[in-house]
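A.B. asks: Take a look and give me a structure for this.
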Amino acid sequence: MPHAQFDPTARQTLAVIAVDAKTRKDLSWQQLADAAGLSVAFVTAALLGQHALPETAAKAVAGLLDLDEDAVRLLQTVPTRGSIPGGIPTDPTIYRFHEMLQVYGTTLKALVHEQFGDGIISAINFKLDVRKVADPEGGERAVITLDGKYLPTRPF
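C.D. replies: Here you go, the predicted structure:
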């Protein structure tokens, strides 16, 4: 039976422990995802407290990180989502995403509604991918793909 958290504290504490174990063991997010048999974005988000893992994935990840049975059980609970407290984020990487939405949010909304109509893009039925590609002008570029199911608004 699925169980849900009502307070993010337990999952946040587990996230700190999991990241510490990942660092001590010199594991990558991709290695953890491979063990779980799920996407790197989903497993990373789960270990950071934003998703529940299926039992087999929770056990596989916990085994690599030397986490106990309590952690395995907690990794399977539905979390209270939201990893950024109120206000403008101060971490530079997260702030840049905030900035991108400040600059391009209304553009994205206008383009989505023009192409799809009134509705939203799901963050539940969703895929995320991050890739590093060479920049033809030198250096590297980040290619971030947000792939969510479109859910139309239905009058009632």
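A.B. asks: Could you look up the SS state of the closest residue to I144 other than its chain neighbours?
C.D. replies: Residue nearest to I144 in three dimensions, not counting chain neighbours: V130, with 5.4 Å by C-beta to C-beta, 6 or more residues apart in numbering. The C-beta positions use only the backbone N, C-alpha and C, and glycine is treated the same way. Classification of V130 using DSSP: H, G, I helix; E, B strand; the rest coil returns strand.
A.B. asks: gap between V130 and G37?
C.D. replies: Distance, V130 to G37, by C-beta to C-beta, to the nearest Å: 19 Å.
A.B. asks: Likewise for V103?
C.D. replies: 37 Å.
A.B. asks: With L48 instead?
C.D. replies: 18 Å.
A.B. asks: Neighbour count: those two, which is higher?
C.D. replies: The residue with more neighbours, out of L48 and G37, is L48; 18 against 11, by other C-beta atoms under 10 Å.
A.B. asks: Name the helix or strand for the residue nearest to H51 when sequence neighbours are not counted, please.
C.D. replies: When the adjacent residues along the chain are set aside, H51 lies closest to A45, with 5.0 Å between them (C-beta to C-beta, 6+ apart). Here A45 sits within helix 40-47, counting by DSSP states H and E.
A.B. asks: Pop out the phi and psi values for the closest residue to V78 other than its chain neighbours.
C.D. replies: Nearest non-adjacent residue to V78, counting by C-beta to C-beta, 6+ apart: A4, 4.1 Å away. When quoted as degrees, to the nearest 10, the phi and psi of A4 stand at phi -120, psi 150.
A.B. asks: wait, what's in contact with I17?
C.D. replies: Applying C-beta atoms under 8 Å, 6 or more residues apart in numbering, we find I17 in contact with 67, 71.
A.B. asks: For stretch 144-151, list the C-alpha coordinates in PDB.
C.D. replies: Extracted as PDB, the C-alpha positions of stretch 144-151 are listed here (Å, rounded to 0.1, in the frame of the first residue of the first chain):
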ATOM      1  CA  ILE A 144      17.600  20.700 -21.200                       C
ATOM      2  CA  THR A 145      14.500  19.000 -22.500                       C
ATOM      3  CA  LEU A 146      11.300  19.300 -20.600                       C
ATOM      4  CA  ASP A 147       8.800  16.800 -22.000                       C
ATOM      5  CA  GLY A 148       5.400  16.900 -20.300                       C
ATOM      6  CA  LYS A 149       2.000  15.600 -21.400                       C
ATOM      7  CA  TYR A 150      -0.400  18.400 -22.400                       C
ATOM      8  CA  LEU A 151      -3.600  18.400 -20.300                       C
END
